[in-house]
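> after the sequence you'll find the predicted model.
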Amino acid sequence: MARHLPAPAEVPRPWRREPREAVVGRMDEALATRDGAVAAACIHELWMRGEMGLNIERALERLWAVAAAAVPEWLPTRHVEWLPRAYEVAARCAATRRGRSSVYLVLLDFSDAAGDPYGLYVGATTVDPVLRFEQHMAGIRSAGSVRRRGLELLIGPALHLRGISRADAARIEEEFAEALRAAGIRVRGGH
């Protein structure tokens, strides 16, 4: 079942300048008080700094165990090593006009193939990206790679690419996919 929580325009990084120990302490405190939003932001901050994958996985497990209902929709449910690179690439994508379209990412499972166990599908839509992902998974105008390999909507990197013009969405979808490929991420879609 999809999580429908309000999303910020961008994923918050309020502790970007704090030392690691302070972020870990804040995360532990947030988990103890079941503050899912703060704990998620701390986990995300550690992730963006390149924290060891095992530590991120453990923190995600703790977060889901104590505050599942408060986990923001933009936080992935599993560790993906290249997530910081995806954010860097996404930051270079910009729309010129507002509209009703969105560019979205779907995390794909390539554990049965050689190389990285994860990849991305890049798409553009005029419906809510959560609904579009659900349509893919149900086989409605679905890309085969999403229907067969789709794990979850990867919301964070593309938050700023919601509510843009159709022309921008089409252009950015293609440019974003190519830039992600150039960054070494396995990509489907982006046409």
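Okay, I see it. Residues are numbered from 1 along each chain as shown.
> distance-wise, check the residue nearest the centre of the chain relative to residue 94.
Residue closest to the mean C-alpha point of the chain, counted by CA atoms, centre = their mean, is residue 154 at 2.9 Å. In this view, residue 154 and residue 94 are 19 Å apart by CB to CB, to the nearest Å. C-beta here means a position set from N, CA and C on the backbone, and glycine is covered the same way.
> quick check: the residue nearest to the centre of the chain touching residue 108?
No. Between residue 154 and residue 108 there is no contact under CB atoms under 8 Å: 9.5 Å.
> what residues are up against residue 18?
Each residue near residue 18 by CB atoms under 8 Å, 6 or more residues apart in numbering is listed here: residue 26.
> what does it show for phi and psi?
Dihedral pair for residue 18: phi -80, psi 150, per degrees, to the nearest 10.
> pLDDT score assigned to it?
According to the prediction, residue 18 has pLDDT 96.
> how about the one 10 residues further on?
The pLDDT attached to residue 28 in the predicted structure is 97.
> in which helix or strand does it reside?
For residue 28, the host element (DSSP states H and E) is helix 20-32.
> give me the low-pLDDT residue ranges for the protein?
Counting by pLDDT under 70, the chain contains low-confidence ranges at 1-9.
> and the longest strand seen in it, what does it pack against?
In the chain, taking DSSP state E as the definition, the longest strand is strand 98-109. Helices and strands touching strand 98-109, as assessed by 3 or more CB pairs under 8 Å, 6 or more residues apart in numbering; DSSP states H and E, comprise strand 118-125, helix 129-138, helix 144-149, strand 150-153, strand 162-164, helix 166-182.
> and it, which strands flank it?
If you go by DSSP bridges, strand 98-109 pairs up with strand 118-125 (antiparallel), strand 150-153 (antiparallel), strand 162-164 (antiparallel).
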